[in-house]
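Colleague: pasting the structure only:
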């Protein structure tokens, strides 16, 4: 006889494994199931939204935000704060992204996801900068990476960048970006079709 695992326990297990595509798929399945039960609260919108942000799937996050009922949005400051990160990502407002991360308040699970997002986003940004710039000033690196002067120097030099003593400019060296699992186009298409069905 199989033992039914509570959704939050299952989500925590998948997060611990770094299986972000499975976290997203599991939350999407819950969304489907509970949406067919009128009056039932869908408990993991915040996890689903933050998982999309971790994956860098801004379209998925945006479509989810549109699907979430207005009464849920207005009653969940935590959800609004998570979406604020996504809004700043959409406009490439790096200062806003890190401000939203640092001011985030929520459940222990959501806070863990925001911390994971912060690490992954900073690593990905460093990789992009490494391949885009020959020289980069310390203040610019601080803005892109959300770190103060001393911290950004330590962070970048520990990852292979050089700091020119005369110009006080970073000399980036290419860094291979580790890809994060994504949820897959099929999930987004299914969810979109479901929303269209609801609106008919």
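Modeller: Nice, I can see it. It should be emphasised that the depicted structure is a prediction, and the values quoted were computed from it without experimental measurement.
Colleague: from the middle of its chain, how far away would the helix or strand harbouring residue 144 be?
Modeller: Using DSSP states H and E, residue 144 sits within helix 138-145. Relative to its chain's centre, helix 138-145 lies at 20 Å (C-alpha atoms, centre = their mean, to the nearest Å).
Colleague: so where do the strands sit in this structure?
Modeller: With strands called from DSSP state E, the chain shows them at 136-137, 162-163, 169-171.
Colleague: so of these, which one's packed in deepest?
Modeller: Most buried of these by mean neighbour count (mean count of other C-beta atoms under 10 Å) is strand 169-171; its value is a mean of 19. Placement of C-beta: from N, CA and C, glycine included.
Colleague: pLDDT averaged over it, what's the number?
Modeller: For strand 169-171, mean pLDDT is 96.
Colleague: partners of it in the sheet?
Modeller: Strands adjacent to strand 169-171 in the sheet, as given by DSSP bridges, are strand 136-137 (antiparallel), strand 162-163 (antiparallel).
Colleague: got CSV for the strands of the chain, with distance to residue 20 too?
Modeller: Below are the strands of the chain laid out as CSV (distance: least, C-beta to C-beta, whole Å):
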stretch, distance to residue 20
strand 136-137, 29
strand 162-163, 33
strand 169-171, 30
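Colleague: quick one, which of the ones you listed is nearest to residue 67?
Modeller: Checking those against residue 67 by C-beta to C-beta gives strand 136-137 as the closest, at 39.1 Å.
Colleague: got the residue ranges for the helices in this protein?
Modeller: 7-17, 20-35, 45-55, 58-67, 70-75, 77-90, 94-103, 108-132, 138-145, 149-157, 185-199 (DSSP state H).
Colleague: same question for the shortest one, mean pLDDT?
Modeller: The average pLDDT within helix 70-75 is 90.
Colleague: Kindly report the same for stretch 88-99.
Modeller: On average, stretch 88-99 scores 96.
Colleague: One more: stretch 141-159?
Modeller: 96.
Colleague: Outside of that stretch itself, which residues are in contact with it?
Modeller: The contact list for stretch 141-159, computed with C-beta atoms under 8 Å, 6 or more residues apart in numbering, reads 94-95, 97-98, 101-102, 118, 122, 125-126, 129, 138-139, 163, 170, 172, 175.
Colleague: Could you tell me which of those count as buried?
Modeller: 94, 97-98, 101, 118, 122, 125-126, 129, 138, 170, 172, 175 (16 or more other C-beta atoms under 10 Å).
Colleague: And these, which is closest to residue 67?
Modeller: For the buried ones among the contacts of stretch 141-159, the residue nearest residue 67 by C-beta to C-beta is residue 97; the value is 23.1 Å.
Colleague: Just put the buried ones among the contacts of stretch 141-159 in a markdown table and tack on distance to residue 27.
Modeller: What follows is the buried ones among the contacts of stretch 141-159, written out as a markdown table (distance: C-beta to C-beta, whole Å):
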| residue | distance to residue 27 |
| --- | --- |
| 94 | 27 |
| 97 | 22 |
| 98 | 25 |
| 101 | 21 |
| 118 | 20 |
| 122 | 24 |
| 125 | 25 |
| 126 | 28 |
| 129 | 31 |
| 138 | 39 |
| 170 | 39 |
| 172 | 36 |
| 175 | 31 |
